[in-house]
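Trainee: Predicted coordinates and the sequence they were generated for:
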Amino acid sequence: MLSNSVKGIFYGCGAAICYGTNPLGALFLYCEGLSPESVLCYRFATAIVLLALLMLFNRNRFAIKKAEILPLAVLGFLFAFCALTLFAAFNYMDAGLASTLLFLYPLEVALMMALIYKERLTAKTGAAIALSLLGIGLLYRGGEGGMPLSSIGLLLVFLSSFTYAIYIVFVNKANLQMGPLKLTFYVMIFCLLFLTLYSVCLGSGLPPLLQSPSSYGWALMLGFVPTVLSLVLMTKAVKIVGSTSTAIMGGLEPLTAVVIGVCVFGETLTIRLALGILLVLASVVVLAVKKK
């Protein structure tokens, strides 16, 4: 039998890997002519349907208390804002650079927990953060013929990473008395609500209908793997090993994107990429030893 700490490590790694599959569905739907807002709406709408089916299958109750509405709405807003700012940054800088800079959030989570909640920042946690950041820096291969750095783009990515850091900390400290399925279900509802309001306020209206069966398949994939699975596993990990450790394991997200690029899109696996992968994996090993 695995201990709770080991389970938490597996949950955190699984959440990061699932989240790293976002490009598989998003890039295809972009080719179909959908805007980032429309892709996100389909992603979260699909996630809501899947979560509702899972809750019915597990006979979970849908009822929530009035006191839980505000925290769930805050989580929904945070996740929606995080997604929108990241996708907006793609208009100002290369997507690879934006995704790499997003990984500032583990450091931000660790600092929040240390400064606000007086969580002790151990040497091993600091080493894990340093290994992850160094590995992520090696995984990024942009800059050669890519878009120039933009101050607006940098600001948007920072807002996205900072918002995601707040989301992880809030999940830990809100102490909502409900399972991860139910929590994620209501977060997605509020997230979709905010995204729809944002789209309407921009004058874009509701998302257009998908045009092909494969589009529905990719929308289903986006709703299930990088959304439902990722957020449910992340919530489980946060409750077991805490916000800081879960955030550090998020280093597997850009690592997953690199593996997808090599295996699916035929990109070259260089020594630099291999070293970056090893450093990110080393940060997870350091965490596992710490928790053991």
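Mentor: In hand now; what should we look at?

Trainee: any weak-confidence spans in the stretch 151-292 of the chain?
Mentor: 203-204, 261, 265, 267-269, 287-292 (pLDDT under 70).

Trainee: Which parts of it are helices?
Mentor: Taking DSSP state H, counting those that start in this stretch to define them, one finds helices in the stretch 151-292 of the chain at 151-174, 180-201, 213-223, 230-241, 243-249, 252-263, 271-291.

Trainee: same deal with the stretch 1-150 of the chain?
Mentor: Counting by DSSP H, counting those that start in this stretch, the stretch 1-150 of the chain has helices at residues 4-19, 22-31, 36-57, 66-89, 95-101, 105-115, 123-139.

Trainee: could you dump the ones you listed to a markdown table with mean pLDDT?
Mentor: Formatted as a markdown table, those follow (pLDDT from 0 to 100):
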| stretch | mean pLDDT |
| --- | --- |
| helix 4-19 | 87 |
| helix 22-31 | 78 |
| helix 36-57 | 91 |
| helix 66-89 | 90 |
| helix 95-101 | 67 |
| helix 105-115 | 83 |
| helix 123-139 | 80 |
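
Trainee: Generate a markdown table for those, with mean neighbour count as supplementary columns.
Mentor: Just so you know, the C-beta spots here come from the backbone N, C-alpha and C atoms, and that holds for glycine as well. Conversion of the helices of the stretch 1-150 of the chain to a markdown table gives the following (neighbours: other CB atoms under 10 Å):
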| stretch | mean neighbour count |
| --- | --- |
| helix 4-19 | 21 |
| helix 22-31 | 19 |
| helix 36-57 | 20 |
| helix 66-89 | 19 |
| helix 95-101 | 22 |
| helix 105-115 | 21 |
| helix 123-139 | 19 |
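
Trainee: out of these, which comes closest to Met234?
Mentor: Evaluated over the helices of the stretch 1-150 of the chain, closeness to Met234 peaks at helix 4-19, with 3.9 Å, by CB to CB.

Trainee: which residues are in contact with the closest one?
Mentor: Residues outside helix 4-19 that contact it (CB atoms under 8 Å, 6 or more residues apart in numbering) are 2, 225-226, 229-234, 236-237, 240-241, 245-246, 249-253, 256, 284, 287-288, 291-292.

Trainee: Give the ChimeraX command for selecting the buried subset of the residues you listed.
Mentor: Here is the ChimeraX command that selects only those of these that count as buried (16 or more other CB atoms under 10 Å):
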select :225,226,229,230,231,232,233,234,236,237,240,241,245,246,249,250,251,252,253,256,284,287,288,291
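
Trainee: hang on, the earlier thing: just the helices of the stretch 151-292 of the chain: most buried one?
Mentor: helix 243-249 (a mean of 28; mean count of other CB atoms under 10 Å).

Trainee: Show residues contacting it.
Mentor: Outside helix 243-249, the residues touching it (CB under 8 Å, 6+ apart) are 8-9, 12-13, 15-16, 105-106, 109-110, 112-113, 119, 121, 125, 128-129, 132, 165, 168-169, 171-172, 234, 237-238, 283-284, 287, 290-291.

Trainee: likewise stretch 174-188?
Mentor: Under CB under 8 Å, 6+ apart, the answer for stretch 174-188 is 44, 47-48, 51-52, 54-55, 58, 60-62, 64, 68, 71-72, 75-76, 79, 171, 227-228, 231-233, 235-236, 239.

Trainee: How about stretch 78-91?
Mentor: So stretch 78-91 is contacted by 36-37, 39-40, 98-99, 102, 153, 156-157, 159-160, 163-164, 166-167, 170, 187, 190-192, 194-195, 198 (CB under 8 Å, 6+ apart).

Trainee: Let's see that with 6 Å instead.
Mentor: Here stretch 78-91 makes contact (CB atoms under 6 Å, 6 or more residues apart in numbering) with 36, 40, 98, 153, 156-157, 159-160, 163-164, 166-167, 191, 194-195.

Trainee: Endpoints of stretch 254-272, how far apart?
Mentor: 14 Å (CA to CA, to the nearest Å).
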